[in-house]
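1. model this:
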Amino acid sequence: IGLGRIGRGRYPTSNNEGDGMEHRILGGSGFSVPVLSLGTGTFGGGSDFFRAWGNTDADGARRLVDICLEAGLNMFDSADIYSGGLAEETLGRAIAGRRDKVILSTKGTFRSGDGPNDVGSSRHHLTEAIHGSLRRLGTDHIDLYQLHGFDALTPVEEVLHTLDDFVRAGKIRCVGVSNFSGWHLMKSLAAADRHGLPRYAAHQAYYSLVGRDYEWELMPLALDQKVS
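-> This is a model prediction of the structure:
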């Protein structure tokens, strides 16, 4: 995935000892990210569904991280539901001892348990989800935290205030979303502007040669609102 593809340019290449990887500014933030990142949905293989994607263990994950870092790619993306959290645990073990060399992004919102509050972007669920991701990744902060989907039952103000609390506490650096429609994203951005809350800097959305709906609304919105 290329989270830095839409945004303001700063450096034609990285300033990290000449690794050659192109970096771009993440949305309307001041944070530089490589144009490529590695998704970790194949880490863990904690169920039949995820084993169909892959079942990379900690040793294999460390090797993949090694290869990426050697090429100047230092951004790794995960989610709390990938293999029931095992993907985050595997990634955490793979980066152990070199947290300062990597950029971590992960996601939460989707169902993570059987309880009525184990899903969505309410203050209750996001608080549990973020603390869980921090623990599994073995880190004290997440560089980019993204809502995995839009929660129509929770007011956007509650969502943004919750994320703001974690940003102010230093546990999250930047916030973003995934799988939002145009109105989902614009409603959230407008609320952030209205209340002085963190704006979403990134949108992880489906886009391929055969699935180009992103170009119709989400891409112009992203360019206008500085969302990578």
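2. where do the helices of the chain begin and end?
-> 48-51, 58-70, 86-94, 123-137, 156-168, 182-195, 218-225 (DSSP state H).
3. ok, which of those comes nearest V33?
-> Among the helices of the chain, the nearest to V33 by C-beta to C-beta is helix 58-70 (13.3 Å). Where you see a C-beta, it was placed from the backbone N, CA and C, and this is true even at glycine.
4. which strands and helices sit next to the closest one?
-> If you count contacts as 3 or more C-beta pairs under 8 Å, 6 or more residues apart in numbering; DSSP states H and E, helix 58-70 packs onto helix 86-94.
5. what mean pLDDT does the helix it packs on have?
-> For helix 86-94, mean pLDDT rounds to 97.
6. hmm, who's touching it?
-> If you take C-beta atoms under 8 Å, 6 or more residues apart in numbering as the criterion, helix 86-94 is touched by 40-46, 50, 56-58, 61-62, 64-65, 76, 78-80, 82, 104, 106, 133, 136-139.
7. any of the residues you listed buried? List them.
-> 40-46, 50, 56, 58, 61-62, 64-65, 76, 78-80, 82, 104, 106, 133, 136-137, 139 (16 or more other C-beta atoms under 10 Å).
8. returning to that earlier point: so which of the helices of the chain comes closest to G115?
-> helix 123-137 (9.3 Å).
9. that closest one to helix 86-94, inter-axis angle?
-> 40 degrees (axes from the mean of the first three to the mean of the last three C-alpha atoms, to 10 degrees).
10. how close does R62 sit to I95?
-> 8 Å (C-beta to C-beta, to the nearest Å).
11. tell me the contacts of T40?
-> Going by C-beta under 8 Å, 6+ apart, the list of residues near T40 reads T56, A61, F76, D77, S78, Y82, A87, E88, T90, L91.
12. go again using 7 Å as the cut-off
-> F76, D77, S78, Y82, A87, L91 (C-beta atoms under 7 Å, 6 or more residues apart in numbering).
13. for the lowest-mean-pLDDT helix or strand in the chain, list the C-alpha coordinates in CSV.
-> Within the chain, no helix or strand scores below helix 48-51, which has a mean of 85 by mean pLDDT, DSSP states H and E. Extracted as CSV, the C-alpha positions of helix 48-51 are listed here (Å, rounded to 0.1, in the frame of the first residue of the first chain):
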residue,chain,number,x,y,z
ASP,A,48,-8.6,-20.9,8.4
PHE,A,49,-9.6,-17.5,6.9
PHE,A,50,-6.3,-15.9,7.6
ARG,A,51,-4.2,-19.0,6.8
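14. list the buried residues in it.
-> For helix 48-51, by 16+ other C-beta under 10 Å, it's F50.
15. name the surrounding residues that touch that helix.
-> G44, G45, Y82, S83.
16. burial count for the last one?
-> Right, the one you point to is S83. A total of 25 residues lie near S83 under the criterion other C-beta atoms under 10 Å.
17. residue contacts, it?
-> F43, G44, G45, G46, S47, F50.
18. so which pair among those is furthest apart in space?
-> F43 and S47 (12.8 Å).
19. low-scoring stretches of this protein, by residue?
-> The chain contains residues with pLDDT under 70 at 1-19.
20. still on that earlier bit, between the helices of the chain, which one is nearest to G30?
-> helix 156-168 (13.8 Å).
21. and the closest one, what's buried?
-> Buried-residue list, helix 156-168, by 16+ other C-beta under 10 Å: V156, V159, L160, T162, L163, D164, F166, V167.
22. and the contacts of that helix?
-> In contact with helix 156-168 (C-beta under 7 Å, 6+ apart) are residues 121-123, 126-127, 130, 151, 172, 175, 187-188, 191-192, 195, 197-198.
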